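[1] Make a model of this:
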Amino acid sequence: MRSEKEKMIAGELYNPQDPELVAERLRARSLMAQINSSTDPLRREELMRALFAKTGEKFLFEPPFYCDYGYNISIGERVYANVGCVFLDGTRIIIGNDVLFAPYVQLYTATHPLDWRLRDRGLEIAEPITIGNHVWLGGNTVVCPGVTIGDHSVIGAGSVVTKDIPPGVLAVGNPARVIREIDPQKE
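    I've put the predicted structure just below:
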């Protein structure tokens, strides 16, 4: 029989009130409290390396930062996250190299069933998020469960990304829609 954690990471219905998951969220909150209160950038980096599954050599997350578990988040090289970002990582969040997160970007892998009977039982489901290389997400962007954003794309401020975004485009709006390709020779 699979544990609730195994079901969560596999994208199956799971109970987030399982004692193991509650304890792991408390561990993450303890690390985030230390990260968000520290004035020492090197100490914050050390704590983030303990929180995340994988990090590049160079990255910077401005406090405050929030997540559920941390161990489902992998980031590449030269990732920058401005203040107030929230990464709900019930399952994998994979972030490429040279990614910029403006203030208050939110990545949500966790979601709830549409069937009210399952919601009433307290069940959730999580779907992975992948952010490619050289991506910029504008302020207050929300990325919904199961979304992949392709390399070199830009998401405009305030967008809600509900579907995959191809590489090399500018997408904006709620829901986010591709409005044009990005021409590196002209931009």
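
[2] where does F87 fall, helix, sheet strand or coil?
    Classification of F87 using DSSP: H, G, I helix; E, B strand; the rest coil returns strand.

[3] isn't it right up against L107?
    Yes: with contacts defined as C-beta atoms under 8 Å, F87 counts as touching L107 at a distance of 4.6 Å. Bear in mind the C-beta positions are built from the backbone N, C-alpha and C, glycine included.

[4] residues shared between the contacts of the two?
    Contact criterion C-beta atoms under 8 Å, 6 or more residues apart in numbering; residues bridging F87 and L107 by contacting each: I93.

[5] So which bits of the helix of greatest length in the chain are buried?
    Using DSSP state H to assign secondary structure, the helix with the most residues in the chain is helix 19-37. Neighbour counts using 16 or more other C-beta atoms under 10 Å place 21, 24, 28, 31-32, 35-36 of helix 19-37 among the buried residues.

[6] One more: stretch 147-164?
    If you call a residue buried by 16+ other C-beta under 10 Å, then stretch 147-164 has these buried ones: 147-156, 159, 161.

[7] Using PDB, write out every CA atom in stretch 168-184.
    Only the C-alpha atoms of stretch 168-184 are listed here, as PDB (Å, rounded to 0.1, in the frame of the first residue of the first chain):
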ATOM      1  CA  GLY A 168       9.900  31.700 -27.200                       C
ATOM      2  CA  VAL A 169       6.600  33.500 -26.700                       C
ATOM      3  CA  LEU A 170       5.000  36.300 -24.800                       C
ATOM      4  CA  ALA A 171       1.900  35.200 -23.000                       C
ATOM      5  CA  VAL A 172      -0.400  37.500 -21.000                       C
ATOM      6  CA  GLY A 173      -3.900  37.600 -19.400                       C
ATOM      7  CA  ASN A 174      -6.300  35.500 -17.400                       C
ATOM      8  CA  PRO A 175      -6.200  32.900 -18.700                       C
ATOM      9  CA  ALA A 176      -2.800  33.500 -20.200                       C
ATOM     10  CA  ARG A 177      -2.800  33.500 -24.000                       C
ATOM     11  CA  VAL A 178       0.200  33.600 -26.400                       C
ATOM     12  CA  ILE A 179       0.100  37.100 -28.000                       C
ATOM     13  CA  ARG A 180       3.200  36.800 -30.100                       C
ATOM     14  CA  GLU A 181       6.600  35.100 -30.600                       C
ATOM     15  CA  ILE A 182       9.700  36.700 -29.200                       C
ATOM     16  CA  ASP A 183      12.200  37.600 -31.800                       C
ATOM     17  CA  PRO A 184      15.600  37.700 -30.100                       C
END
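
[8] Give me the mean pLDDT for that stretch.
    Per-region confidence: stretch 168-184 scores 95 on mean pLDDT.

[9] which ones among the buried residues of stretch 147-164 are found in strands?
    Residues from these lying in strands, with DSSP state E as the criterion: 148-149, 154-155, 161.
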